[in-house]
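Visitor: Sequence and predicted model, in that order:
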Amino acid sequence: MILARRFDPDHAALAATRRLRVVSAVLVLGASAWIFASEPSGVAVALGAIGCLVAFGWMAASTRTWISARDHAADHLLLAADRLTLADGKIRHHIDWTEVTDVKVDEERLVVLVTLRGARALRIQPQYQGVSLDELGQAVREAWLDAAPREKC
């Protein structure tokens, strides 16, 4: 029998990404303002305008990151003896291990694929604190194999 194992999202990484985007946007806006204030040529005006667009894009991405982190504050992955529970925003997946047919890491898409009966697959993104994609895939696979080893032999 396995003990339940819970994975929580890496909120610190999201916060760091958001801070990086805000700081970058402020620096690029400052550089663009300096370009516009220095009697620029046509090429410099174009570069300043592109810089402003990039900065506004980073600010929008920062806002989306903050909204996503707020909406997904209670997200988690729980590997219990009888089932897998994935909380992703308002969506909750409760999957019994008997419904799982395979667990593998998709290195091209950078997700853990949990194949279920009925040809549907659950994709688990490696967004959890302190665990890499391979470690996450191994943890899910071990929980699945430990749940009912007789059925997989």
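Guide: That came in fine, so what should we check first?

Visitor: Can you report phi and psi for Ala25?
Guide: With angles defined as degrees, to the nearest 10, Ala25 sits at phi -60, psi -40.

Visitor: Do I have it right that it meets Ser62?
Guide: Yes: counting by CB atoms under 8 Å, Ala25 touches Ser62, with 7.2 Å between them. For glycine as for every other residue, the C-beta is placed from the backbone atoms N, C-alpha and C.

Visitor: any low-confidence regions in the protein?
Guide: 1-3, 119, 148-153 (pLDDT under 70).

Visitor: residue boundaries of the helices in this structure?
Guide: 11-37, 42-71, 133-147, 149-152 (DSSP state H).

Visitor: Deepest-packed of those helices, please.
Guide: helix 133-147 (a mean of 18; mean count of other CB atoms under 10 Å).

Visitor: Give me the distance between Ala55 and Ser24.
Guide: 8 Å (CB to CB, to the nearest Å).

Visitor: Tell me which residue lies nearest the centroid of this structure.
Guide: Nearest to the mean C-alpha position of the chain, by CA atoms, centre = their mean, lies Gln127 at 4.1 Å.
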